[in-house]
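Undergrad: The sequence and its predicted three-dimensional model are supplied below.
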4 protein chains.
Amino acid sequence: MNASNGIKSVAFIGLGNMGRPMAENLLKAGFKVSVFDVVEASVKALASAGATPAASVAEVVAGVDAVLTMLPSSPHVEDVYLGKGRLLESARAGTLLIDCSTIASEAAAKVSKAAAVRGFTMIDAPVSGGTAGAVGATLTFMVGGDEAALELARPVLSAMGKNIFHAGAAGMGQVAKACNNMLLAIHMVGTAEALALGVKCGMDPAKLSEIMGKSSGNNWSLEKYNPWPGVQPNVPASRDYAGGFGVDLMAKDLGLAMEAALASGASTPLGTLARSLYRMHSTAGNGRLDFSSIVKMFQ
Amino acid sequence: MNASNGIKSVAFIGLGNMGRPMAENLLKAGFKVSVFDVVEASVKALASAGATPAASVAEVVAGVDAVLTMLPSSPHVEDVYLGKGRLLESARAGTLLIDCSTIASEAAAKVSKAAAVRGFTMIDAPVSGGTAGAVGATLTFMVGGDEAALELARPVLSAMGKNIFHAGAAGMGQVAKACNNMLLAIHMVGTAEALALGVKCGMDPAKLSEIMGKSSGNNWSLEKYNPWPGVQPNVPASRDYAGGFGVDLMAKDLGLAMEAALASGASTPLGTLARSLYRMHSTAGNGRLDFSSIVKMFQ
Amino acid sequence: MNASNGIKSVAFIGLGNMGRPMAENLLKAGFKVSVFDVVEASVKALASAGATPAASVAEVVAGVDAVLTMLPSSPHVEDVYLGKGRLLESARAGTLLIDCSTIASEAAAKVSKAAAVRGFTMIDAPVSGGTAGAVGATLTFMVGGDEAALELARPVLSAMGKNIFHAGAAGMGQVAKACNNMLLAIHMVGTAEALALGVKCGMDPAKLSEIMGKSSGNNWSLEKYNPWPGVQPNVPASRDYAGGFGVDLMAKDLGLAMEAALASGASTPLGTLARSLYRMHSTAGNGRLDFSSIVKMFQ
Amino acid sequence: MNASNGIKSVAFIGLGNMGRPMAENLLKAGFKVSVFDVVEASVKALASAGATPAASVAEVVAGVDAVLTMLPSSPHVEDVYLGKGRLLESARAGTLLIDCSTIASEAAAKVSKAAAVRGFTMIDAPVSGGTAGAVGATLTFMVGGDEAALELARPVLSAMGKNIFHAGAAGMGQVAKACNNMLLAIHMVGTAEALALGVKCGMDPAKLSEIMGKSSGNNWSLEKYNPWPGVQPNVPASRDYAGGFGVDLMAKDLGLAMEAALASGASTPLGTLARSLYRMHSTAGNGRLDFSSIVKMFQ
């Protein structure tokens, strides 16, 4: 395994549950990786895996070909990129910037524009696939920005994921992810409602899942991630909703879809209702469970 | 092609847009078919295709091995089966009864129970697949009732459809269909919302459809029946929402899901909201359009 | 205190939490009251208060001027009035029939029609005001049926309540009550949402209640029945949601509104969502709390 | 009529449908008023009524005791106050700042904080009452900020309105308004649904309005602003929904409530559904009608 011709050295900022395994996969693929996080222990862990530790944003980006960021929310991204003495003021001209964080599309477009003003090429490349996808290098990337920039980034992204989609101009990666996850939440809640309705009327949930799965009710939640306990093996519903994609993370993503709806004047009746349900489910103490646990509200 | 060993003669009651082609397929499969409808012209049309016309429920069921009914709503079914001098009082003992109407599961269970009391074997076998499926003999049947009764009916159903599911005891065919169509409506509305949101934020609807179709947002509406004009050929959205499955029919099916929710104490927040949206869409003059036209509410 | 000129003797069927105090108020007002309930102890309790006990519907209605019924649901009402050997077959010609139960308007209209066929005058007169109103004789009656029949019934109703509204023809009493309680549920949930939103943003709930109460947000729930603990004295919110109008009763009434929406083809997006929220709140173990406890879902 | 002891001269920025009559009322009350707007004609109109015209923000605030702003949205407010060479950089120390715009509470708090850093006292004082209230000097003010600052501002506000509420600290005026208007939208939609349901079931809308108005369904929309045509005189519903508070303005305010819900993690299922309905109603071409026209969606 060896790194691409174009990009040989990468700085990675943000070494949380997702960022750490992603950075590790870059190391495995032969990239020279320098790392930074506000949590020192995370930096040390990566250093012991072969990365070069850094003590600041300015230090970590010094001299690299590309910078990857994986941060929790819009304000973090704006701070790391736009803050005084931070990324845009310290990276060398021509560094490729790749933000893998899931943030508001408006924030992504704003940061990308500021980067362009300073002569950087930047893409927004939020991921789906969760921690399992991050560990197994099977993530999906939804990329906003120039196609040429995506081609430059492709070897780096390929070291961490399997599917790479070009969604459009800057910010469109975030739009695609917000739309996809809103739709995912809607059919997960819908699948939970439909199964609970059938069971309350006397049906067997496995039988109902089978019938709907072969009919027009079919959807990803029903087929790959059935929310009813015991219907499918190896899904969170069959291990008390441990692991998987948490309720609070889904609520956050639905919040980003709502922000996009507000900014664009769109109406999303089912999407915003799904967000309210996920927030209520979290309020009732289930924020850490997998998002398929929403079926508990209907049982 | 020839009829089954068990059942050779069939009475068909209800010759509307669905019933007529279904009865024709029974004729083609070699069954002896007698027909009745309150609309005389429909009876004549079938007679000219080889069926035996009848002038009443009592007359059409005389001497047949099985009776099929395809009627518009619960009260029609209750009247035809339970009314004075109607089906249960005139069919000969041992006739197999097959109701293909889409009605409330409670009504189906009630009629089935009354049939059992009089010694008949009955199944509820609502269909999906629309008029195209009825014409092409590719319908899906969701069957409630004894498995033995389903086996008896199988040759008859096979002459009209492709997939036959056993959903459970009497009434469960209706439950399965109500749940499936509620889930279908939910992901259709959700898909419409997600596409409209993406487009308002600047994305190309075909690109967004492709990305979500390969990601966790995927569902039958997006993949087989895309509601955005021009994204897929050969779907109602690409012919001004003509043909297909009408808004008013979807609203009716969502009403049946609501009835089931009321009877069973289930809560179906997205399902009932979808019904309200379809009713509003109909109120605005779109009742005859295909149900994917709901996207117009968001554009 | 003395009874009306017209009606002197009344049969009362259904002696639950509401029926018992209502029957007691009729006794206090000087009416001759005979009583029946399937629970013998309830009959005995009324007998010790001066009522004549009866052992069946047929016995209790013998010879009275008017019959009042206060029963839990449509099937109970249909059984008591329409069952073999029951009310319509045993009351003497000319008896005035008053159903105070809260049931589906379609069921009310059906029973009323059957009563008319047998020559009885009947009104539907569902109440609001809860057990406190029943005890204090301050109930509100919403009456469907002829105005003449309402005038005949007025002295009886006046002995149990304060406000008597004529809503229209047979069944319209039930329609008025379903609409009113749906609207009540909507502004209760809305008030709960608005207060919770304000508090999460840093406002004092009492201050916010005061401001909205004097502005265009004002409504009965906010003004008379504030759901936030401690804002008003003497409301269920200030005693842990004990007493008052239970979550399950509100869910039942919202179910009746949904039935009316289904029967009439109306769309009620907020009303059906409120029902789902109340059902979920009940599923989470709060069915017996006062309906203002819905605010817990948002805190 | 004469101005307060404290404040004698006022700068007014933003002379739209609301700002113009508000500035006129300040003139009538004896204040010395200087005015600025990006639309020159608006400035001239006020000048001919006695105000001192100015050509920039910096010019209009020169030497006044207080500044009032009435601007369309958060970005406008942030620009006017925080922009280079704008309000905070040009007003003299000690000037009282009063923002009457309806904007996001977070934006209000941010601007207020920046003002405090520069030594200004500021309050957020959004209004309700519409253009009629602005003309008649009967507006309601919901004020966030120090009580002392509110007392300083009171004579100014009193010249333009009737009710002045102190909602809490900086930003709380905006929170109170967002909560109030969300609740208003919810009971307006709920009232529309309830009336439409009743009418579809056969009731007279005036009779139903009367009954609910005297019962627990009562609310401001039903009592003062009935959405059904012909039930009340002198409301928008009785003049084809002309005048009043527009659909698009209500949608904007519901968007502000949604922003507050996102920022605070609140769940507002009915509130966000109301926003979607108002956006859909606008999409269907009704953005300029009064917000009570939402009843058209249900008729």
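TA: Looks like it arrived, so ask away. Because the structure is predicted, anything quoted here is derived from the model rather than measured.

Undergrad: Now the helix or strand A:Ala115 falls within: buried residues?
TA: Assigned by DSSP states H and E, A:Ala115 belongs to helix A:105-117. Under the neighbour-count criterion of 16 or more other C-beta atoms under 10 Å in any protein chain shown, helix A:105-117 has A:Ser105, A:Glu106, A:Ala107, A:Ala108, A:Ala109, A:Lys110, A:Val111, A:Ser112, A:Ala115 buried. Every C-beta, even on glycine, is put in place using the N, C-alpha and C of the backbone.

Undergrad: excluding its backbone neighbours, what's nearest the fifth one?
TA: Looking back up the chat, that one is A:Ala109. Distance criterion C-beta to C-beta, 6 or more residues apart in numbering or on different chains; nearest residue to A:Ala109, sequence neighbours excluded, is A:Gly171 at 3.6 Å.

Undergrad: List the contacts of A:Ser56.
TA: A:Ser56 makes contact with A:Phe36 under the criterion C-beta atoms under 8 Å, 6 or more residues apart in numbering or on different chains.

Undergrad: Skip ahead from the helix holding A:Ala115 and say which helix or strand is next.
TA: strand A:121-124.

Undergrad: elements contacting that following strand?
TA: Here strand A:121-124 touches strand A:96-99, helix A:105-117, strand A:139-144, helix A:147-158, helix A:172-200, going by 3 or more C-beta pairs under 8 Å, 6 or more residues apart in numbering or on different chains; DSSP states H and E.

Undergrad: Can you tell me which residue is spatially central in chain A?
TA: Centrality entry for chain A: nearest residue to the mean C-alpha point is A:Val127, 3.8 Å, by C-alpha atoms, centre = their mean.

Undergrad: and the residue lying closest to A:Ser264 once chain neighbours are set aside, how many neighbours?
TA: In space, and not counting its chain neighbours, A:Ser264 is closest to B:Lys200: 3.8 Å by C-beta to C-beta, 6+ apart. By the criterion of other C-beta atoms under 10 Å in any protein chain shown, B:Lys200 has 18 neighbours.

Undergrad: returning to that earlier point: can you lay out the buried residues of helix A:105-117 as CSV showing pLDDT?
TA: Shown next, in CSV, are these (pLDDT from 0 to 100):
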residue, pLDDT
A:Ser105, 94
A:Glu106, 93
A:Ala107, 95
A:Ala108, 96
A:Ala109, 95
A:Lys110, 95
A:Val111, 97
A:Ser112, 97
A:Ala115, 97
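
Undergrad: In TSV: the residues you listed, plus distance to C:Glu223.
TA: As requested, those are exported to TSV (distance: C-beta to C-beta, whole Å):
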residue	distance to C:Glu223
A:Ser105	42
A:Glu106	40
A:Ala107	42
A:Ala108	46
A:Ala109	46
A:Lys110	45
A:Val111	48
A:Ser112	50
A:Ala115	54
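
Undergrad: quick one: which of these is nearest chain B?
TA: A:Ser105 (6.1 Å; C-beta to the nearest C-beta).

Undergrad: Roughly how far does that closest one sit from A:Phe245?
TA: Distance of A:Ser105 to A:Phe245, given as C-beta to C-beta, to the nearest Å: 20 Å.

Undergrad: For the closest residue to chain D within the stretch 1-150 of chain A, give me the pLDDT.
TA: Using C-beta to the nearest C-beta, the closest approach of the stretch 1-150 of chain A to chain D is made by A:Ala104 at 10.1 Å. We have a pLDDT of 95 for A:Ala104.

Undergrad: sorry, back to before: just checking, the residue nearest to A:Ser264 touches A:Thr268?
TA: No - using C-beta atoms under 8 Å, B:Lys200 makes no contact with A:Thr268, being 10.0 Å away.

Undergrad: do you know how far the residue nearest to the centre of chain A is from chain B?
TA: A:Val127 is 11 Å from chain B, where distance means C-beta to the nearest C-beta, to the nearest Å.
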